[in-house]
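>>> Quick check, what structure comes out for this input:
(2 chains)
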Amino acid sequence: MLVAENITKRFSGVTALDNVCLELHEGKVNAILGENGAGKSTLMKILSGVYPDYEGQLLWNGRPVRFTNTKEAQEAGIAIIHQELNLIPYLSITENIFLGQELETIWGTLDKKKMRQTATELLQKLKLDVAPETKINELKVGQQQLVEIAKALLLSPQVIIMDEPTSAITDQEVETLFDIINELKQENKTIAYISHKLDELFRIADRYIVLRDGKSIESGEMTGMNHDQLIQKMVGREIFVHQKSAISVPQEELLSVQHFSLKRSAKRPELVLDNLSFSLRRGEILGVFGLMGAGRTELLEALFGLHSSLTTGAVLIEGKEVKITSPVEAVKAGLALVPEDRKRDGIVPIMNVQQNISLASLEYHVEKNGVLNTQAEAQLATKYIQELGIKTSSSGQLIKNLSGGNQQKAILGKWLATHPKILLLDEPTRGIDVHAKSEIYKLILQLAASGLGILMVSSELPEIFAVSGRVLVLSEGTLTLDTPIENATEDKLLKAAIAKKC
Amino acid sequence: MQTTLEDQKKRLSKLQPLIALFVLCLIIGLLSDKFFTVSNFWNVLRQISVNICLSVGMTLVVLMAGIDLSVGSVLALCGAITAGLFKMGIELPSQNLYIGFTLLGASLAGVLTGALLGFFNGFVITRFKVPSFVATLAMLTVARGLTMLWTKGFPISGLGEQFAYMGTGWFLGVPVPVWISAAVVALAVFLSDNTKLGRYIYAIGGNENASLLSGININKVKIIVYTIAGALAAVGGLMVTSRLDSAQPNAGTGYELDSIAAVVIGGTSLSGGKGSIWGTVLGAIIIGVLNNGLVLLNVSPFWQQVVKGFVILLAVIIDKANSKNG
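Numbering: from 1, shown residues only, chains lettered A, B, ... in the order given. Next up is the predicted model:
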């Protein structure tokens, strides 16, 4: 099958992979494990022809090969589904699936009929119930992920590399994905599966390959391994385990949301959020669970003033009704939003860590009559870099060069600098490795203990259980469950998440 | 070690336009003995001062990933308004009313007009989500049309010595337009590097979504920046009108392209977030020196345009190569 021997890859002096060996077993799901920066993605990019220059060699069915581009790898039968979505938003599903592989009629025009037919078949196989003419930007992230998979399957590859395929999709969609993977296995296809979610790996993977700091550490059969053993191999040390006792006892009411509804848009009056009422206390972490399309992200956005013309109902902060019609007012009212898509909505990539941290709080700390005080700004940045344990070579480092976990901490720092009362977190650990994840959880717990109220949207149940003191479940825009975490079970939450409106 | 090496590389790539300018001067100086003279030095600086005013405003707009195509027309309208008000004032025969304008009053009215047109650009762009390219393209036509209406298609000339001082006078051994553009540059550098507004401009260009979600009033910032760009175009209009002692209805045609060229040669990214006022100043100087050199070398004006086009391309290609390595 596919074997990598002694692969070394350097990026301008930094060694990303150091003498790595790997063997993918045919017809198996091979899990590639490792923290962020361990070299997983780099290795997969070498296997799929993205990086043609490296030391060492690849053996493909026993023969040495060197792919100089992704097309060569695809033609050899290796497909990759990247962590980031690579779809063109204004093109249809069919057009995206066939991008670069368009079918033509004998006249040299596009064979739209045949492409549509193939796309329909692929979508059916993936149980994605949308028309193939649908534009990508009309799809949810999870659906887009499935289109990526359809695109990869188009050339019926032998090896399919999946780089964190579940980072953006709901548990229900994960089930669909696993069904697909099992089918592919039956067709004797080989899967390389990268994920941070160990629970998934135990369900789906046959073998594991652990990378750490660019070196291959160990590989073997999944059977007989347990959670802690794998984590130890990945991290090389014991990791922080959360204690529920860290959650402080909630105090007085901070945020009260009453009969809160949100319309889809001015033209489409159906309700995305339907008559929600709940409250958040000081020091409380309120988890918000739900399937994709349940309205979780929209709830945070609406509270943050992004859809003010479409909302009805009341929002009270510390007992006083507030009318928040823009993020500017949201920040003034003491709200802070850590968005789901860090790259798109969170960081300003070409600014440095210091400038990203100070961005939301320039008027509080750093300026006088519009003039910046760079010394005060540097102090502010240093303070949060230390307090939050942001790993960066300096505060002048560009934020895009930091790992996902450290970027997330910098965004948290940006908000803490505004001294918010309420923190809205949307999938706070999406795409973040195990170790950084536990650090973020620790921070969230600390912040709640310091008196903030935290509303945390998550599609990962373990995450909900790890930090929240109470949990809300949304289903199709309605609140179907509001319960202390002690009374919640995974089963209960899932049932509430799929419950239909009464 | 590694970081210092990278830092050095970065610093070097920042110096590149400066080195390019130096080499350009050297070549022209070797080919023409008129280049390295004091009078030519001031000549070049005076010629570029209008473009500098426009380009400084353009840089702020481009840093936010916008564009302002209307600066040339706004320049013409504001120059004409100032000239018209100064020369003839406002007469309302029906009311038996006449308002005269001093030079200062007329100039302020001109700059205010520019600011107003810029404000309108910003308003349309933020309120109706019209792309800046389209909104300012519309303004390009509107302002040109208004100029024709105001001047009835004829130049407003004979403005007098007092008016001419702004474009042709000298102060402490330095041409007045150079003083004006230097002041504009100084203010803009301060604005972009040391103020909250400047930081927000970079942030919006770097990631508009993230800026919005950080509680920045991005509409306000945009409107302010387009207003500044309009006002600076008006300042350019005053200088042009004063230098020619005449407000030409077709003044400033194509100036927006020269100013975009200066911005781009100066290393500011059209996709926003990256660049600087100093870079633009260098870009404007490079264009100015190039124009001047080609004239001194008796190159036909048609070839000058061809050369200028290729210099723009070259600058962008070099900049791309640099950012790939960085």
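>>> any residues touching stretch B:179-192, and which ones?
Stretch B:179-192 is contacted by residues B:48-50, B:52-53, B:56, B:59-60, B:63, B:166, B:171, B:197-198, B:201-202, B:232, B:235, B:239, B:276-278, B:281 when judged by Cβ atoms under 8 Å, 6 or more residues apart in numbering or on different chains. For the C-beta atoms, the positions are set from N, CA and C on the backbone; glycine is no exception.
>>> if you look at the residues you listed, which of them are in helices?
B:48-50, B:52-53, B:56, B:59-60, B:63, B:166, B:197-198, B:201-202, B:232, B:235, B:239, B:277-278, B:281 (DSSP state H).
>>> what pLDDT does the residue of chain A found nearest chain B get?
As assessed by Cβ to the nearest Cβ, chain B sits closest to A:V331 within chain A, at 3.1 Å. On pLDDT, A:V331 comes in at 95.
>>> My guess is it contacts A:A417. True?
No - A:V331 is not in contact with A:A417 according to Cβ atoms under 8 Å; the separation is 11.0 Å.
>>> Could you tell me which residues touch both of those two?
Residues touching both A:V331 and A:A417 (Cβ under 8 Å, 6+ apart): A:A360.
>>> Neighbour count: those two, which is higher?
For A:V331 versus A:A417, the count of surrounding residues by other Cβ atoms under 10 Å in any protein chain shown is larger for A:V331: 25 against 22.
>>> name the element the more buried one belongs to?
Following DSSP states H and E, one finds A:V331 within helix A:327-332.
>>> Tell me the pLDDT of the most centrally placed residue in chain B.
Chain B has B:L54 as the residue nearest its centroid, 1.2 Å off, counting by Cα atoms, centre = their mean. In this model, B:L54 is scored at 96, pLDDT.
>>> in chain B, what residue is nearest chain A?
Counting by Cβ to the nearest Cβ, chain B gets nearest to chain A through B:G215 (3.1 Å).
>>> how close does that residue sit to A:L494?
Remark: distance between B:G215 and A:L494 (Cβ to Cβ, to the nearest Å) = 36 Å.
>>> ok, the two, which is more surrounded?
Counted by other Cβ under 10 Å, B:G215 and A:L494 do not tie: B:G215 has more neighbours, with 25 against 16.
>>> Name the nearest residue to that one, ignoring sequence neighbours.
Of all residues not flanking B:G215 in the chain, A:V331 sits nearest, at 3.1 Å (Cβ to Cβ, 6 or more residues apart in numbering or on different chains).
>>> show me the residues around the one you found that make contact.
Applying Cβ under 8 Å, 6+ apart, we find A:V331 in contact with A:A360, A:T418, A:P420, B:S214, B:G215.
>>> okay, the closest residue to the fourth one other than its chain neighbours: pLDDT?
Counting by Cβ to Cβ, 6+ apart, B:S214 lies nearest to A:A360, which is 4.2 Å off, once chain neighbours are set aside. The predicted local confidence for A:A360 comes out at a pLDDT of 93.
>>> Phi first, then psi, for A:A360.
Backbone geometry at A:A360, expressed as degrees, to the nearest 10, gives phi -90, psi -10.
>>> Pretty sure it sits against A:P420.
No - A:A360 is not in contact with A:P420 according to Cβ under 8 Å; the separation is 9.2 Å.
>>> Between the two, which has more neighbouring residues?
Per other Cβ under 10 Å, whichever of A:A360 and A:P420 has more neighbours is A:A360, with 27 against 22.
>>> how close does the more buried one sit to B:G266?
Per Cβ to Cβ, A:A360 is found 30 Å from B:G266.
>>> show me where pLDDT drops low in the stretch 401-502 of chain A?
Along the stretch 401-502 of chain A, segments meeting pLDDT under 70 span A:500-502.
>>> and chain A, which of the contacts of stretch B:179-192 contact it?
Contacts with chain A within those, counted by Cβ under 8 Å from any Cβ of the partner chain: B:L197, B:G198, B:Y202.
>>> thought the last one was touching A:P349?
If I follow you right, that is B:Y202. No - B:Y202 lies out of contact with A:P349 (Cβ under 8 Å); the separation is 11.9 Å.
>>> Quickly find the element holding the nearest residue to A:P462 once chain neighbours are set aside.
Distances taken as Cβ to Cβ, 6+ apart place A:D199 nearest to A:P462, at 6.9 Å, with adjacent residues excluded. A:D199 is located in helix A:198-204, with elements delineated by DSSP H and E.
>>> Can you dump the C-alpha atoms of that helix in CSV for me?
This file holds the C-alpha atoms of helix A:198-204, laid out as CSV (Å, rounded to 0.1, in the frame of the first residue of the first chain):
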residue,chain,number,x,y,z
LEU,A,198,-10.2,10.4,20.6
ASP,A,199,-13.7,9.1,21.1
GLU,A,200,-14.2,9.1,17.4
LEU,A,201,-11.0,7.3,16.8
PHE,A,202,-11.9,4.5,19.2
ARG,A,203,-15.1,4.0,17.2
ILE,A,204,-13.8,4.2,13.7
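>>> Pull out the buried positions in it.
For helix A:198-204, the neighbour count (16 or more other Cβ atoms under 10 Å in any protein chain shown) marks A:L198, A:E200, A:L201, A:F202, A:I204 as buried.
>>> mean confidence for stretch A:120-139?
Regarding stretch A:120-139, the rounded mean pLDDT is 89.
>>> can you map out the strands along the stretch 101-250 of chain A?
Secondary structure of the stretch 101-250 of chain A, counting by DSSP state E, counting those that start in this stretch: strands at A:159-163, A:190-194, A:207-212, A:215-221.
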